[in-house]
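Would you be able to build a 3D model of this:
(one chain, ligands or ions: 1)
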Amino acid sequence: MIHNIGVVGAGTMGIGVSHAFAAGGRSVTLVDVSDEALDKAREAIVRDLRMAAMFHRTTEAPGEVLDRITFTTKLEGLADAGFVVENVTEKPEIKQEVYKGLDEICPADCVFGVNTSAIPITRVGAWTGRPDKVIGTHFMNPAQLKPLVEVIKGFHTSEETVALTQSTLAEIGKESIVVNDSPGFVTNRVAMLTVNEAVMLLEEGVSTAADIDRLFVTCFGHKMGPLATADMIGLDTILYSLEVLLANFNDPKFRPSVLLKQYVDAGLLGRKSGRGFFDYATTA
Ligand SMILES: NC(=O)c1ccc[n+]([C@@H]2O[C@H](COP(=O)([O-])OP(=O)(O)OC[C@H]3O[C@@H](n4cnc5c(N)ncnc54)[C@H](O)[C@@H]3O)[C@@H](O)[C@H]2O)c1
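As a prediction, the model looks like this:
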């Protein structure tokens with residue numbers, strides 16, 4: 001069993017991933033470049049732990065779980081990590097720098113779980129000197145609540161790494177499905193296209209945001225429509241993921257909608273900024 005877990009990136013995903021491992025009894029070191037992001041992450045984790053206690057998903061006091069998380073801006077804090085889940089911004093150039101640092105700092109047997117939406121795991125492996133220990137751990141959002149993780153096997157990922165990853169996830173109550181490497185994997189190759197097409201419908205004035213989503217919820221039985229889903233993921237993350245898919249497949253079907261770019265330029269990033277296709281000013 002791996003006790004020391006590193007989590008890099010304290011945004012939407014890093015918050016849920018840290019919560020999930022700490023609630024599973026692991027010691028977590030959460031690293032971000034931004035003190036502000038770390039402060040917000042701490043607040044969000046406290047709020048989510050209180051919700052978990054309120055809904056009887058845990059018997060542990062929120063403070064006890066929180067005490068297992070160390071918040072830091074220093075990557076050196078991961079010098080004794082056995083497993084790292086990386087959740088930084090979906091920009092290959094940003095992630096590559098992080099892997100360079102992780103490769104130098106973390107123990108030689110530490111496994112790197114890549115929580116990316118679309119970047120090929122084989123490419124991330126090539127940024128390190130340990131491609132056999134690099135694996136995709138695509139958590140779903142919110143990570144502390146979603147029971148399944150899409151695990152992606154890169155070209156050089158060893159069977160030992162796959163087994164260790166699956167058991168590490170199982171120990172904190174997560175099921176996993178292993179898929180082979182491909183940009184966007186299974187989930188996001190489909191989901192990003194669906195969201196982008198829904199934004200294009202809005203852009204063309206075919207329908208309103210509320211009605212586009214209602215059609216999916218009411219007619220298809222989805223829990224959330226594509227635009228509310230985009231707001232939950234983060235519109236910047238959707239845009240960067242489409243850019244990665246477009247660059248990797250060279251297929252114009254992944255061309256991001258102009259309206260999506262405009263929302264990101266305007267700082268309307270969805271739930272995390274308080275407004276996206278819908279307004280969260282009172283609930284964010
Ligand atoms: N949002 C989702 O629903 C979702 C789901 C699955 C996977 N992902 C993937 O997870 C990753 C993170 O997404 P997110 O939604 O949490 O993004 P986010 O924008 O909410 O958070 C990213 C965080 O990374 C930090 N960061 C940037 N550069 C860094 C560095 N060099 N070192 C440490 N921290 C750094 C930022 O300060 C920020 O706090 C992305 O690759 C994304 O594609 C997102």
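
Show me what residue of the stretch 151-284 of the chain gets nearest to the ligand.
Nearest residue of the stretch 151-284 of the chain to the ligand (Cβ to the nearest ligand atom) works out as Ile233 at 3.7 Å. (Each C-beta comes from the backbone N, C-alpha and C, glycine too.)

Contact partners for that residue?
Residues in contact with Ile233 (Cβ atoms under 8 Å, 6 or more residues apart in numbering) are 12, 117, 141, 195, 270.

any weak-confidence spans in the stretch 151-284 of the chain?
282-284 (pLDDT under 70).

all strands in it, in order from the N-terminus.
175-180 (DSSP state E, counting those that start in this stretch).

surely Gly113 meets Asn87?
No. Using Cβ atoms under 8 Å, Gly113 is not in contact with Asn87, being 9.2 Å away.

Quick one: name the residues of the stretch 151-284 of the chain near the ligand.
When proximity is defined as Cβ under 6 Å from any ligand atom, the stretch 151-284 of the chain approaches the ligand at 233-234, 237, 241, 272.

so where do the helices sit in the stretch 51-200 of the chain?
Secondary structure of the stretch 51-200 of the chain (DSSP state H, counting those that start in this stretch): helices located at 62-66, 92-105, 121-126, 159-171, 187-203.

Looking at these, which one is packed in the most?
Among these, helix 121-126 has the highest mean neighbour count (mean count of other Cβ atoms under 10 Å), at a mean of 22.

could you say what helices and strands that helix packs with?
Under the contact criterion of 3 or more Cβ pairs under 8 Å, 6 or more residues apart in numbering; DSSP states H and E, helix 121-126 touches helix 92-105, strand 111-114, strand 134-138.

Quick one: residues contacting Ile5.
21, 26-29, 81-85.

quick check, it in a helix?
No. Going by DSSP: H, G, I helix; E, B strand; the rest coil, the assignment for Ile5 is strand, not a helix.

partners of it in the sheet?
Partner residues in beta bridges with Ile5, using DSSP bridges, are Val28, Phe83.

pLDDT on stretch 51-66, on average?
Averaged over stretch 51-66, pLDDT sits at 90.

correct me, but Ile94 touches Val88?
Yes. Ile94 lies in contact with Val88 (Cβ under 8 Å); the separation is 5.7 Å.

Point me to the residue of this structure nearest the ligand.
Gly11 (1.8 Å).

quick one: contacts for that residue?
Contacts of Gly11 by Cβ under 8 Å, 6+ apart are 32, 37, 41, 87-89, 234, 272.

what do you get for Val217?
223-225.

try it again with 6 Å
For Val217, the contacting residues are Gly225, by Cβ atoms under 6 Å, 6 or more residues apart in numbering.

Filter the residues of the stretch 151-284 of the chain next to the ligand down to the buried ones, ChimeraX style.
To isolate the buried ones among those in ChimeraX, judged by 16 or more other Cβ atoms under 10 Å, type:
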select :233,234,237,241,272
